[in-house]
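[1] curious how this folds, go ahead:
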Amino acid sequence: MKNLSKQPCLIARSLALVGDAWSMLIMRDAHAGLTRFDEFRKSLGIAPTMLTARLSALTEDGLLEKRRYSERPPRDEYVLTAAGQDFLPVLFAIGAWGRKHRPSDGVTRFFDAETGTEIDAVTIDRATGAPIGTRRIRIAGPE
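    Take a look at the predicted model:
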C-alpha cells in the first residue's frame, strides 16, 4: 500500500496524519481541555502503549505540542497547536454526518460554552457560500 502522506490528494495526506479513530478521539478530548496522559487514558479506555504511540504521532505531525509541567517526577502535557485547533471543524463535520446517517439516541451532544446553544455544524464553500455536498464536484490533479 502506498504511503498516503505522499499522495497528491490533500484528503489522503491528511488521513495519513489523523485517519484512525484513536487519533480523532484524542483530538476531540484535547479540544475539550484534556492535556495529560492519564486524562486521555481514562476518557478513552485506550491501552497505554497505543496512547503513547498516538500522542507521539500527533506531536510529531504538529497537531499537539508536548510541554513539561513537572520536573520531579518528569511529566508532560499535550496542548493543541494552531494546526490542532484548526482540526475542530473536521471533527464537527464528522459528527454532523453521523447525526444525519447514524442512530443518534443517547449520544454525546456539544454546546457553545458562551451561548449554551447546541452546535449544529455546517460546512460551506467560502467562495460561493453553498453548503458542501449540494453541488457536484470536479477533481483535478496537481498542476
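
[2] and for Ala130, nearest residue in space, chain neighbours not counted?
    Once flanking residues are discounted, Ala130 sits nearest to Ile124: 6.5 Å by C-beta to C-beta, 6 or more residues apart in numbering. In short, each C-beta sits where N, CA and C put it, glycine included.

[3] where do the helices sit along this structure?
    10-18, 21-31, 37-44, 48-60, 82-85, 88-101 (DSSP state H).

[4] by mean pLDDT, show me the worst of the ones you listed.
    Confidence, taken as mean pLDDT, is least for helix 10-18 of the helices of the chain (a mean of 86).

[5] which helices and strands does that helix pack with?
    helix 21-31, helix 48-60 (3 or more C-beta pairs under 8 Å, 6 or more residues apart in numbering; DSSP states H and E).

[6] tell me which of the ones you listed is the most buried.
    Mean neighbour count (mean count of other C-beta atoms under 10 Å) peaks for helix 21-31 among the helices and strands packed on helix 10-18, with a mean of 19.

[7] quick check: end-to-end length of stretch 29-41?
    10 Å (C-alpha to C-alpha, to the nearest Å).

[8] which residues sit against it?
    Residues outside stretch 29-41 that contact it (C-beta atoms under 8 Å, 6 or more residues apart in numbering) are 26, 43-44, 46, 48, 51-52, 55, 64, 69, 75-80, 84-85, 87-88, 91.

[9] list the buried residues in stretch 74-94.
    76-78, 80-81, 84, 87, 91-92 (16 or more other C-beta atoms under 10 Å).

[10] one step back: now tabulate the helices of the chain in JSON lines and tack on distance to Arg109.
    Shown next, in JSON lines, are the helices of the chain (distance: least, C-beta to C-beta, whole Å):
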{"stretch": "helix 10-18", "distance to Arg109": "23"}
{"stretch": "helix 21-31", "distance to Arg109": "13"}
{"stretch": "helix 37-44", "distance to Arg109": "17"}
{"stretch": "helix 48-60", "distance to Arg109": "25"}
{"stretch": "helix 82-85", "distance to Arg109": "21"}
{"stretch": "helix 88-101", "distance to Arg109": "9"}
